[in-house]
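Undergrad: need coordinates for the following:
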Amino acid sequence: MLSGTSSGLASGGVAVSKVRMLLELVKFEHSIFALPYAYIGALYGAAAIDRWPGWAELFWITVAMVGARAFAFVVNRAADKEIDARNPRTAGRAVPAGLIKAGELWAFAAVMLVAFLVAVWQLHPITRWLWPIVLGAFVIYPYTKRFTWLCHYWLGLCLGLAPVGAWVALGAPIGNPAPWVFGGAVMFWTAGFDIIYATQDIECDLRDGVHSVPADLGIETGLMMTRALHVATVALLFAGGVLVDAGWPYYAALVVAAILLAYENSIISPDDLSRVNAAFFTLNGVIAIVLFAGVVADRLLA
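TA: Numbers count the residues shown, from 1 in each chain. So this is what the prediction gives:
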């Protein structure tokens, strides 16, 4: 009896461990990068049609975002398995280390895909026609780094779909330029911080023929490009605010975000890459939250 109980506890422990590995694999905590921009698209999209988004709509937008992003991460991890195994920084990840079996990985991907599709069908009918564009962009991304340093911009495109998707998910007009401008801002912001992130792997990328701006054009050029992209990000966020007739809380948040972006770029240099993780993870998460808080305040005070 005790042995059976012990066996059951052991099996439960293994299951919990696998779930933890899968959650770590898809970096659920990094959803903070894109989710706030989806909510920004939802809030201003609802304003464009003179209403507020419902809690159910926000819930299903969240499910769609998390499901699509998790599915994309599984595809990315599977595609990069051999590359990650040769990189000391990533060799310990669950997939290259063989801690998760292929069947377990793709079963998880299937669950996330189903969650995404269920969510899509709860939102405005236009999303039932547009969802393949989102998944297509995500599936293509891992392979872009095999061919071009523009891979950072493709990743930016994937995240830039967040405000556009949430805007149309509420039935706001897809022809309105505002969500596209916000999407462009997210695209440039993402491409910029992804270039910073890629500086960690320049030696492995050069060895394995993986393309990135730092590997193909050099770290100094890459950091200069990031600065230009982040200046463009602020400009597009300002233009987006004008298009949605945002009030002072939005612009106050934008000023804070601009200062944080400037600081992010100031702590990284070709001679000192020791603070890449602070620039990539901490600051970008704070920037997204600050902008979202500004939009919430703007809508509440409108």
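Undergrad: the nearest residue to residue 179 once chain neighbours are set aside: what's it in contact with?
TA: Closest residue in space to residue 179, ignoring its immediate chain neighbours: residue 167 at 3.8 Å, by CB to CB, 6 or more residues apart in numbering. Using the backbone N, CA and C atoms, a C-beta is placed for each residue, glycine as well. Shown in contact with residue 167 (CB atoms under 8 Å, 6 or more residues apart in numbering): 41, 42, 44, 45, 48, 174, 176, 178, 179.
Undergrad: one more time with 6 Å, if that's ok
TA: By CB atoms under 6 Å, 6 or more residues apart in numbering, the contact set of residue 167 is 41, 45, 179.
Undergrad: return the alpha-carbon coordinates of whichever strand or helix holds it using PDB.
TA: According to DSSP states H and E, residue 167 maps onto helix 151-169. Taking C-alpha atoms only, helix 151-169 is exported to PDB below (Å, rounded to 0.1, in the frame of the first residue of the first chain):
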ATOM      1  CA  CYS A 151      15.100  38.400 -38.200                       C
ATOM      2  CA  HIS A 152      14.900  40.900 -35.400                       C
ATOM      3  CA  TYR A 153      12.400  42.900 -37.400                       C
ATOM      4  CA  TRP A 154      10.300  39.800 -38.100                       C
ATOM      5  CA  LEU A 155      10.100  39.100 -34.400                       C
ATOM      6  CA  GLY A 156       9.100  42.800 -34.000                       C
ATOM      7  CA  LEU A 157       6.400  42.200 -36.500                       C
ATOM      8  CA  CYS A 158       5.100  39.300 -34.500                       C
ATOM      9  CA  LEU A 159       4.800  41.300 -31.300                       C
ATOM     10  CA  GLY A 160       3.500  44.300 -33.200                       C
ATOM     11  CA  LEU A 161       0.400  42.400 -34.200                       C
ATOM     12  CA  ALA A 162      -0.700  42.600 -30.600                       C
ATOM     13  CA  PRO A 163      -2.300  46.000 -30.600                       C
ATOM     14  CA  VAL A 164      -3.700  45.500 -34.100                       C
ATOM     15  CA  GLY A 165      -5.200  42.100 -33.200                       C
ATOM     16  CA  ALA A 166      -6.800  43.400 -30.000                       C
ATOM     17  CA  TRP A 167      -8.200  46.500 -31.800                       C
ATOM     18  CA  VAL A 168     -10.000  44.500 -34.500                       C
ATOM     19  CA  ALA A 169     -11.000  41.800 -31.900                       C
END
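Undergrad: contacting residues around the first helix or strand past it going along the chain?
TA: Going down the chain from helix 151-169, the next helix or strand is helix 177-198, by DSSP H and E. Outside of helix 177-198, the residues within contact range by CB under 6 Å, 6+ apart are 37, 41, 152-153, 155-157, 159-160, 163-164, 167, 212-214, 222, 226, 229-230, 232-233, 236-237, 239-240, 243-244, 268, 279-280, 284.
Undergrad: buried sites along stretch 286-302?
TA: Using 16 or more other CB atoms under 10 Å as the test for burial, stretch 286-302 gives 287, 288, 290, 291, 292, 293, 294, 295, 296, 297, 298, 299.
Undergrad: now, which of those sits nearest residue 103?
TA: Distance to residue 103 across the buried residues of stretch 286-302 (CB to CB) is lowest for residue 288, with 34.6 Å.
Undergrad: give me the nearest residue to that closest one, chain neighbours excluded.
TA: Closest to residue 288 by CB to CB, 6+ apart is residue 36, at 4.1 Å.
Undergrad: again, but for residue 241
TA: Nearest to residue 241 is residue 250, by CB to CB, 6+ apart, at 5.0 Å.
Undergrad: so how many other residues sit close to the one you found?
TA: Number of residues near residue 250 (other CB atoms under 10 Å) recorded here: 27.
Undergrad: tell me which element it is part of?
TA: helix 248-266.
Undergrad: picking up where we left off before, quick one: residues contacting the residue nearest to residue 241.
TA: 241, 294, 298.
Undergrad: at 7 Å what do you get?
TA: 241, 294, 295, 298 (CB atoms under 7 Å, 6 or more residues apart in numbering).
Undergrad: repeat for residue 135
TA: By CB under 7 Å, 6+ apart, the contact list for residue 135 reads residue 68.
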